[in-house]
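**Student:** With the sequence up front, the predicted model follows.
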Amino acid sequence: MKHALRAAAALAAAVMIVPSPAAKGEAPGGEAGARAVRPGLEALDYAFRFASAISSDDKDRAKAQAAVVKDLTELGAFEEASSRATVIEGWRRAVALAELAQALARSGHAADARRHVEESQRIRATITDWHGSRIDSHVAQALAALGEVDASRRLTEDLVATDKVQYLGQATVTQVKTYIAAGDFEAAMKLLRGVDVAEDYDLSWWQLQGYVEIGGASGLTRGQRLEALNAARELLDAVPDGRISQGLESIAEAYHAIGARQQAEEALTAAAAIVERIPDHYPEKPSELANLARAWSRIGVPDKARDLLRAAEPVASRSQPVEQPTLYAWVASSYLLNGDAEEASRVWERALSVADTLANARPRALAYVAISRSMGQEGMPVPDSVRPRLDAALERLRAS
């Protein structure tokens, strides 16, 4: 099986995965066709089935299902995402549909986007607790993506009036996106410069996110994008400590996208200094190392990424057994992103082996969800020898 995993990882690393017919708004070519066009879809199908097999906790089941639907949405597999979203129960279905609507709108599928917004709003009308506001925040972003600026603004204003602490930052970023879509750089920057971080410490994070959104906007000039990213970099001292490395990674990737290589490397070097100071016994250390490795990979520095992943794996082994499959899976997919198919297959095998040993059904199901998602997100084909193993794990869950 190790050889099969290795071969599949090599295939995923070597083959550019093209958009599925569903991503273009065309009729899909059936399950076999979907696998042939985009191998990651089969892994995400397994992930969704493992999520749906969680019987002891309705909240965990819906959360895991929604995470897979988001993966499908981000891959552009819109028809698959829509189909699976209908299975999710409760408020998370509405959020998944709103996120899908936003992606559809940005991909030029306005009619489908509006249909999903309407369905999300229909579900929202049945939600009477605080989760309703969570749905509204995602619907507002979808409306902004559709160009329905006034409707989006009214909804965000209502959210801020209801819970300013929770929604002011997100509402600000949503408004920034509407300005970007209209090509109004000055309005977007003015809005962010006016954020009063003294009012709420966490607002600095949203302010940074807004600057990064501008920095990543392909419709703006390079000079405008660089100005926004420099503003984000200057803001880092005000960002909560636990988010500084994440902010630096986002800034670095945006710098890289506009050809500012020196600034990108400087940002990641600063992030590395922060991550290296995290004690090895902290549970977030392995994922922080892997996230930093992914950022180095994306800016084209594979050697630094590889060193970080080699450091992450032994740290992950010190974590609780129930946490290890997820951590190993993230390290494995990071190796694949870095072009290290051999190492990816080895660490995925380690993740599967630990998942097999988990006695309780719920954490075992979540482990398989994480492993399958990590394969699907990177376009990893499910090896023929691994498929029976996943099928057996599903049967074991259904029998428990």
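**Tutor:** Ah, there it is. Numbering: from 1, shown residues only.

**Student:** Residue 168 touches residue 157, doesn't it?
**Tutor:** No: in terms of CB atoms under 8 Å, residue 168 does not count as a neighbour of residue 157; the distance is 10.4 Å. In this view, the C-beta of every residue, glycine as well, is placed from N, C-alpha and C.

**Student:** the more surrounded of those two?
**Tutor:** residue 168 (19 against 14; other CB atoms under 10 Å).

**Student:** contacting residues for that one?
**Tutor:** 160, 200, 203, 206 (CB atoms under 8 Å, 6 or more residues apart in numbering).

**Student:** got those residues as TSV, with secondary structure columns?
**Tutor:** Below are the contacts of residue 168 laid out as TSV (DSSP: H, G, I helix; E, B strand; the rest coil):
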residue	secondary structure
160	helix
200	coil
203	helix
206	helix
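
**Student:** Can you flag the buried ones in these?
**Tutor:** Among these, those buried by neighbour count (16 or more other CB atoms under 10 Å) are 160, 200, 203, 206.

**Student:** Looking at the residues you listed, spot the one nearest residue 363.
**Tutor:** In terms of CB to CB, no member of the buried ones among the contacts of residue 168 lies closer to residue 363 than residue 206, at 33.1 Å.

**Student:** In TSV: the buried ones among the contacts of residue 168, plus pLDDT and distance to residue 378.
**Tutor:** Output for the buried ones among the contacts of residue 168, formatted as TSV (pLDDT from 0 to 100; distance: CB to CB, whole Å):
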residue	pLDDT	distance to residue 378
160	92	38
200	75	36
203	91	34
206	94	29
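
**Student:** Looking at these, which is nearest residue 131?
**Tutor:** The closest of the buried ones among the contacts of residue 168 to residue 131 turns out to be residue 160 (CB to CB; 17.5 Å).

**Student:** Contacts only, for the closest one.
**Tutor:** The contact partners of residue 160, by CB under 8 Å, 6+ apart, come to 167, 168, 171.

**Student:** Identify the residue spatially nearest to the first one, adjacent ones excluded.
**Tutor:** With CB to CB, 6 or more residues apart in numbering as the measure, residue 159 is the residue that lies nearest to residue 167, at 4.1 Å, once sequence neighbours are left out.

**Student:** Restricting to C-alpha, output the helix or strand in which that neighbour is found in CSV.
**Tutor:** Assigned by DSSP states H and E, residue 159 falls within helix 149-162. Output in CSV follows, covering the C-alpha atoms of helix 149-162 (Å, rounded to 0.1, in the frame of the first residue of the first chain):
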residue,chain,number,x,y,z
VAL,A,149,-24.0,46.6,-2.7
ASP,A,150,-26.9,48.3,-1.0
ALA,A,151,-28.5,45.1,0.1
SER,A,152,-25.1,43.9,1.4
ARG,A,153,-24.5,47.2,3.3
ARG,A,154,-28.0,47.1,4.9
LEU,A,155,-27.4,43.6,6.2
THR,A,156,-23.9,44.4,7.5
GLU,A,157,-25.2,47.5,9.2
ASP,A,158,-27.9,45.5,10.9
LEU,A,159,-25.3,43.0,12.1
VAL,A,160,-23.1,45.7,13.5
ALA,A,161,-26.1,47.3,15.3
THR,A,162,-26.9,43.9,16.8
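
**Student:** Can you name the element that comes right after it?
**Tutor:** Next element after helix 149-162 (DSSP H and E): helix 164-181.

**Student:** the bottom helix or strand of the chain by mean pLDDT?
**Tutor:** Ranking every helix and strand in the chain by mean pLDDT, DSSP states H and E puts helix 30-37 at the bottom, with a mean of 42.

**Student:** which residues are contacting the helix or strand following that one?
**Tutor:** Helices and strands here follow DSSP H and E; after helix 30-37, the next one along the chain is helix 40-52. Around helix 40-52, the neighbours that count as contacts under CB under 8 Å, 6+ apart are 12, 17, 20, 34-35, 61, 64-65, 67-69, 71-72, 75, 77, 80, 84, 87, 365, 368-369, 372-373, 375-382, 390, 393-394, 397.
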